[in-house]
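In: build the 3D model from these lines:
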Amino acid sequence: MTRTLVVLLVFGLITPDLFAQRTTGDTTYKQPHRPQYHFSPRANWINDPNGLVYYDGEYHLFYQYNPSGIRWGHMTWGHAISRDLVHWQELPPAIPEEGETMIYSGSCVIDKTNTSGFGQDGRVPMVAIYTGARPDNQSQHLAYSLDKGRTWTKYASNPIIDLKQKDFRDPKVFWYEPSQHWVMIVLLPTDRKALFYKSPNLKVWTKTGEFTAADSPATVWECPDLVEVPVDGTIERKWVLLLSMGNNAPAGGSGMQYYVGRFNGATFINESKPGEQRYVDWGKDYYAAITFNNLPRRGNRGAISIGWMNNLQYASEIPTTPFRGTMTLPRELRLAKMPAPIARYELRQQPIQELKPLLGASFQWTGTDVAQLNQSLASNSLAGDTYWLQLELEAAKTGVGVRVKKEEAAQGKGEETVIGYDPAKQLVYVDRSRSGQVAFKKEFTGRFTAPLKPQNGRISLQIWVDRSSVEVFGNNGEITLTNQIFPKPESRGIEFFGDGLRSVLIRSVEPIWK
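Out: Residues are numbered from 1 along each chain as shown. Just a heads-up that it's a prediction; the model follows:
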């Protein structure tokens, strides 16, 4: 859970009505900036995803939630479920704030063998491990559910770990099969230190190791995850440590980084070289992503993560109502092993395959005449404000790309979000300087870049455009850029530019809300 938001409040960067603003009005899913295929709550504030877990045919998405308003406060675990990771049903809040103890971020496990003793009458317990946060103390707590997360009982002997510290939070717990015990990774955020614990029963924990990294540009770490993922083209698997950066991310403000290495059941052994650029996402709006526990066996597919699509610099000011906060698309995580002389592992991310049924009507083009492409697109009946694009670009000497959410009648001076490739600098970029509403916070506007080298002289871009976001995946997930945008509803134009464009595929994306 991001205590950084608390710091922003103390320094006056979040307005004082933070706790008092209760949501009223339209709670349909049809508002101009309402995501149509990303999860958002019907109303009120959300931030970090919590407790991602699969059990008995349901994917559970818990999340930081304010049941009382549209700004951060009264942290409670919200709850939504899905049978396909795409269509979500929002349920009543799961684990409520109690007295002065807020329910900060954490994780969920399925205690299949009832190591905790919480199970009754053959019912398998779902166990939540979370930070109980008071103004002067953060400690780790348990709650359990015997009805698939619908109702919860807090453990009578909470807290399970208490270091008597103000900043100690965000436990990620998983079962470590080789040693038959539970593992917890939890942070001392301002020390940029990850602590490792083990337990036979989720109640009694023994510290086993620590991890820190002098090369991290962040001054605060939050929301850790440690997950084993496959390496493309091999039978090898490596451990990836995900860490959210409270500041100093490549696009400014909050973001995420990762390390690759080994895990021996006690501590993480980092094999990443100092100084390597290991950012999970190069955009402005990707934070607190964690992976699902207890996923069903799916061949050699990678781990699946969901992140919070926002930035701590302006999260409380984005112009949405009656909700504030959105989750990213679920992503599959894998690694690629780079050949010598690079000889390192790099993260690869792709939108999950389960999104494909949302893709509808299509427009396809191949050629070299971009003017002809734009003319053909203008006369095409493909309509809507949510769509997916696949672009194949030749790394020419001039920039090439696409303008989306373009204001048609503005004669070149209206709204647009520009996604392109700069071949001279070998950078993919998203420019949202004129993307719509940008003046609500000075840190919002800008042009954000990610390094990407051509493959056989080509660049491939996969772009998911929703009503209030663009998610860009370059060269099969070698880089990603996630950014929010807030255009007018009528800004729906698409326009391509540059000499290097070689093929375009556009498909509409159907809404997930019924």
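In: next one: phi and psi at Leu333?
Out: phi -110, psi 130 (degrees, to the nearest 10).
In: from Met75, how far out is the spatially closest residue to Ala218 that is not a sequence neighbour?
Out: Nearest residue to Ala218, sequence neighbours excluded (Cβ to Cβ, 6 or more residues apart in numbering): Met245, at 3.6 Å. All C-beta spots, glycine's among them, are computed from the backbone N, C-alpha and C. Using Cβ to Cβ, to the nearest Å, Met245 is found at 21 Å from Met75.
In: circling back to that earlier point, roughly how far does the residue nearest to Ala218 sit from Phe168?
Out: For Met245, the distance to Phe168 (Cβ to Cβ) stands at 18 Å.
In: residue ranges for the helices of the stretch 351-500 of the chain, please.
Out: Under the criterion DSSP state H, counting those that start in this stretch, the stretch 351-500 of the chain contains helices at 370-378.
In: who does the top strand by length along the chain touch, helix- and strand-wise?
Out: Longest strand of the chain, by residue count under DSSP state E: strand 44-55. Under the contact criterion of 3 or more Cβ pairs under 8 Å, 6 or more residues apart in numbering; DSSP states H and E, strand 44-55 touches strand 58-66, strand 76-82, strand 102-110, strand 126-134, strand 287-291, strand 303-308, strand 323-324.
In: name every strand pairing with the shortest one and say which way it goes.
Out: Using DSSP bridges, strand 323-324 pairs in its sheet with strand 44-55 (parallel).
In: quick check, central residue of the chain?
Out: Gly307 (1.5 Å; Cα atoms, centre = their mean).
In: and it, what does it touch?
Out: Gly307 is in contact with 49, 256, 281, 286-290, 327-328, 482, counting by Cβ atoms under 8 Å, 6 or more residues apart in numbering.
In: now the two most distant members of the residues you listed.
Out: Farthest-apart pair in the contacts of Gly307 is Ile290 and Thr482; separation 15.4 Å (Cβ to Cβ).
In: these two: who's more crowded?
Out: Higher neighbour count among Ile290 and Thr482: Thr482, with 30 against 26, using other Cβ atoms under 10 Å.
In: bridging residues for that one?
Out: Glu471.
In: do you know how far the residue nearest to the centre of the chain is from Leu52?
Out: For Gly307, the distance to Leu52 equals 11 Å [Cβ to Cβ].
In: before we move on, what about Ala214?
Out: For Ala214 relative to Leu52 (Cβ to Cβ), the value is 30 Å.
In: so for the two, which residue has more residues nearby?
Out: Counted by other Cβ under 10 Å, Ala214 and Leu52 do not tie: Leu52 has more neighbours, with 25 against 7.
In: can you list the weak-confidence ranges in the protein?
Out: Within the chain, the ranges that satisfy pLDDT under 70 run 1-26, 381, 383, 409-412.
In: which segments of it make up each domain?
Out: 4-26+43-350, 353-509 (automatic domain parsing).
In: burial of Lys337, as a residue count?
Out: 16.
In: my read: Gly401 touches Val418, true?
Out: Yes: judged on Cβ atoms under 8 Å, Gly401 makes contact with Val418 at a distance of 6.3 Å.
In: of those two, who's got more company?
Out: Gly401 (25 against 22).
In: that one pairs with what?
Out: Assigned bridge partners for Gly401, using DSSP bridges, are Gly420, Phe497.
In: and for Leu61?
Out: Ala80.
In: Asn47 and Gly325 touch, don't they?
Out: Yes: using Cβ under 8 Å as the test, Asn47 is close enough to Gly325 to be in contact (5.8 Å).
In: any residues in contact with both of those two?
Out: Each of 308, 310, 315 lies in contact with both Asn47 and Gly325 under the rule Cβ under 8 Å, 6+ apart.
In: the last one: neighbouring residues, count only.
Out: Look at Ala315: counted by other Cβ under 10 Å, it has 27 neighbours.
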